[in-house]
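Colleague: the sequence and its predicted three-dimensional model are supplied below.
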Amino acid sequence: MTQEKEQRKHKISIIIPVRNEERLIVSCLLSVAEQKIKDKALNYEIEIICIDNNSSDETKKSILSCAEKFKNINYYFESKIGRGSARNAGIEKAKGDIIAMIDADCLAPSDWLEKLVGPIITGEAEATMGFESDAINNYWSRIRQEEDWTYIQKKISGPYIEHLDTKNFAIKAEILKKIKFDSLLNSYEDWDLFINLKKNGVKILFLSKLKVKHYHDSSLKKLIKTQFSRGKSAALIHKKWQKDREFRELFKNDPSAASVNWRNFIFFLPWALWQIILSPRKSLFIISADAAWKAGIIASKFKR
């Protein structure tokens with residue numbers, strides 16, 4: 001590391017979009033605000049930006065109670081509901097030269113930020129991404145964790161990853177302020193951002209051992225709601241990028257791409273029966289998730 005990099009003090013803006021998470025947001029904020037810095041050479045300070053995305057519960061009260069204890073916690077309200085809009089609102093407010101992101105239903109380990117932004121500060125990477133661990137440990141959350149890891153392994157390319165999950169992510173602010181998220185997307189906005197980053201030559205360094213604890217969907221009802229939203233957004237993203245050759249090449253073998261293919265709908269029943277035979281333990285999760293996803297794709301056709 002050069003002397004100039006050692007002496008320069010970086011500012012890290014941590015963006016946390018939140019909607020109706022009055023309970024979990026407190027734990028999330030405490031885990032972020034109490035980060036430890038062991039490597040003094042990294043030399044940074046942080047601001048925490050909470051974007052209340054039109055919550056109807058006591059989320060605002062929970063955030064402000066934490067802000068009384070930690071003065072670097074900032075509360076902002078974004079009336080346009082949507083994860084893309086909430087994240088963009090945070091980007092607009094960010095004053096740091098590096099932007100980090102975590103979700104309101106996640107808990108960060110004490111060395112999370114240091115390990116996440118370290119490679120960016122030292123010039124090793126322009127963007128970094130970690131993974132997650134299951135914070136609930138019931139049937140639904142365990143299978144979700146297993147399926148996510150199986151998917152992620154297919155996206156690893158050397159030290160980099162051909163994917164983006166913003167619950168454990170950092171990037172140079174100058175890059176993100178130019179590209180931003182699609183404000184029309186309420187789900188998979190990070191997937192859409194990854195496509196834009198790749199088209200702009202930005203590689204994401206994958207930190208597989210850096211994990212935040214994530215409160216996955218813990219019931220069938222929550223799983224269906226999440227997958228329905230993801231299906232809608234996936235269909236919109238595919239429609240948006242379908243004429244882009246690089247996008248088609250990137251996702252031609254992706255399971256999500258197959259699910260958007262309408263021919264895949266007619267084979268759903270035999271596919272579901274095969275899942276029961278192939279993986280009886282996971283079959284309820286897999287079939288329910290795919291059915292909700294496909295329902296979301298259908299619903300996207302009626303979206304103006």
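Modeller: Right, received. Where do you want to start?

Colleague: elements contacting the longest strand seen in the chain?
Modeller: Of all the segments of type strand in the chain, defined by DSSP state E, the longest one is strand 204-214. For strand 204-214, the packing partners by 3 or more C-beta pairs under 8 Å, 6 or more residues apart in numbering; DSSP states H and E come out as strand 106-107, helix 112-121, strand 127-134, strand 160-161, strand 168-172. Glycine gets a C-beta too; all of them are placed from N, C-alpha and C.

Colleague: switch these over to JSON lines; also include mean pLDDT, mean neighbour count and distance to L210.
Modeller: Below are those laid out as JSON lines (pLDDT from 0 to 100; neighbours: other C-beta atoms under 10 Å; distance: least, C-beta to C-beta, whole Å):
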{"stretch": "strand 106-107", "mean pLDDT": "98", "mean neighbour count": "21", "distance to L210": "12"}
{"stretch": "helix 112-121", "mean pLDDT": "96", "mean neighbour count": "22", "distance to L210": "5"}
{"stretch": "strand 127-134", "mean pLDDT": "98", "mean neighbour count": "22", "distance to L210": "3"}
{"stretch": "strand 160-161", "mean pLDDT": "97", "mean neighbour count": "20", "distance to L210": "12"}
{"stretch": "strand 168-172", "mean pLDDT": "98", "mean neighbour count": "24", "distance to L210": "7"}
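
Colleague: out of those, which comes closest to D192?
Modeller: When these are ranked by distance to D192, counting by C-beta to C-beta, first place goes to strand 168-172 at 13.9 Å.

Colleague: buried sites along the helix or strand following the closest one?
Modeller: Beyond strand 168-172 on the C-terminal side, the first helix or strand identified by DSSP states H and E is helix 173-179. Judged by neighbour count (16 or more other C-beta atoms under 10 Å), helix 173-179 contains these buried residues: 173, 176.

Colleague: residues in contact with the next helix or strand after helix 173-179?
Modeller: Moving toward the C-terminus from helix 173-179, the next helix or strand (DSSP H and E) is helix 189-199. When contacts are taken as C-beta atoms under 8 Å, 6 or more residues apart in numbering, the neighbours of helix 189-199 outside the stretch itself are 82-84, 87, 127, 162-166, 169, 175, 179-182, 185, 204, 233-234, 237, 240-241, 244, 246-247, 250.

Colleague: so I136 is in contact with H216, correct?
Modeller: Yes. With contacts counted by C-beta atoms under 8 Å, I136 reaches H216, the gap being 5.9 Å.
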